[in-house]
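Visitor: pasting the sequence and the predicted coordinates here, then a few questions.
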Amino acid sequence: MMIDAKGIEKSFGTLKVLKGIDLQVEKSEVTSIMGASGAGKSTLLQILGTLSTPDAGSLIIDGTDVTGLGRREISRFRNLKLGFVFQFHHLLPEFTSLENVMIPALIAGKSEKTAKDEALKLLDTMGLAERTSHKPSELSGGEQQRVAIARALVNRPSVLFADEPSGNLDSVTKSEIHNLFFRLRDELGQTIVIVTHDPELAKMCDRSLFMKDGQFIAAE
C-alpha cells in the first residue's frame, strides 16, 4: 500500500470541505479523482501531498505516518518522497530547463553532478534532450509541462500528485501528456494520483473516483 488515508476531515471556518474521506492507493497504481468544482478534490490533494493538514484522520504514505511529523520533517519528506505537477507549470523563468529540473535535487542535498546527471536523464526520457539549455519562454506549453514533470520526478518520489495537469493544453499536447503518465507508470513503476475534469484521462486510469460534497460517491 502506497497511500492509506482514513477518516480525513477538513473545514474552513463553518464550511466542512472533506467529510471523512478514506482512500487507499497501491504502488504503481494510477488513480484519478473527479468531481465538480467545490467538491473537495484539490483540498484532498493538498492534504495527501502534505501541503495542508487535516482536522481529523490518519495518513500513511509509503509506510510513514505523515500526520505525526514535525514541520521540518514533513518538508524533507515532501521534498524526497512526493512530486507535484500543476495546471500551470510554475517553472522559474530565469533558469534553463536543466536548472529547473535540478533544483529539487539540490535542495535535497545531492551534489551538483548527481543532480545534473539525474536531470539530464529525465529530460531525455521526456524527449527534451535538445531543449536542456532553453528557458521556459523558449518552450511550447507541452514542453514546459514536460519539464515540470521531470522536475517533479528528479528525486524519484514515491508518489506523483497531478492537479489538472493537462487543463491548459491543446488536445494534441494533452494526449501526449496523458500518455506520458502511463509510460512513467510502466517504465518507472510510478504511483500517480491525478485530480482532473477530463473524462478521457480518467478512463485511462487504473481507477477513477468521484467526489461530491466532500465525499466519494458512485459514478453518476
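Guide: Sure thing, it's come through.

Visitor: need the contact list for residue 97.
Guide: Neighbour list for residue 97: 123, 128, 131, 132, 133, 134, 135, 136, 139, 143, 147, 150 [criterion: C-beta atoms under 8 Å, 6 or more residues apart in numbering]. (C-beta placed from N, C-alpha, C; glycine too.)

Visitor: 6 Å instead?
Guide: Applying C-beta atoms under 6 Å, 6 or more residues apart in numbering, we find residue 97 in contact with 131, 132, 134, 147.

Visitor: who wins for neighbours among those residues?
Guide: Neighbour tally across those (other C-beta atoms under 10 Å): the maximum, 27 neighbours, falls on residue 147.

Visitor: for that residue, give its distance to residue 141.
Guide: 11 Å (C-beta to C-beta, to the nearest Å).

Visitor: same question, residue 80
Guide: Distance from residue 80 to residue 141, by C-beta to C-beta: 29 Å.

Visitor: give me the number of residues near the closest residue to residue 129 other than its chain neighbours?
Guide: Closest residue in space to residue 129, ignoring its immediate chain neighbours: residue 123 at 6.2 Å, by C-beta to C-beta, 6 or more residues apart in numbering. Residue 123: 23 surrounding residues under other C-beta under 10 Å.

Visitor: can you name the next helix or strand after the strand or helix carrying residue 123?
Guide: Assigned by DSSP states H and E, residue 123 falls within helix 112-125. Per DSSP H and E, the first helix or strand lying C-terminal to helix 112-125 is helix 141-153.

Visitor: what residues does that following helix touch?
Guide: Identification of contacts with helix 141-153 by C-beta under 6 Å, 6+ apart yields 83-85, 89, 91, 97, 100-101, 122-123, 126, 128, 136, 160, 169, 173, 177.

Visitor: which strands and helices sit next to the helix or strand just after that helix?
Guide: Sequence-wise, the next helix or strand downstream of helix 141-153 (DSSP H and E) is strand 159-163. Strand 159-163 sits against strand 82-86, strand 191-195, with contacts defined as 3 or more C-beta pairs under 6 Å, 6 or more residues apart in numbering; DSSP states H and E.

Visitor: winner for burial among these?
Guide: Most buried of these, by mean neighbour count (mean count of other C-beta atoms under 10 Å): strand 191-195, with a mean of 24.

Visitor: list the strands paired with that one, with their directions.
Guide: Here strand 191-195 is paired, per DSSP bridges, with strand 30-34 (parallel), strand 159-163 (parallel).

Visitor: picking up where we left off before, buried residues in the helix holding residue 123?
Guide: Buried residues in helix 112-125, counted by 16 or more other C-beta atoms under 10 Å: 115, 116, 118, 119, 120, 122, 123, 125.

Visitor: swap in stretch 58-72?
Guide: By neighbour count on 16+ other C-beta under 10 Å, the buried set for stretch 58-72 is 59, 60, 61, 62, 66, 67.

Visitor: among those residues, name the ones in strands.
Guide: Mapping the buried residues of stretch 58-72 onto strands (DSSP state E) picks out 59, 60, 61.

Visitor: what is the nearest of those to residue 105?
Guide: Residue 105 has its nearest neighbour among these in residue 61, at 20.1 Å by C-beta to C-beta.
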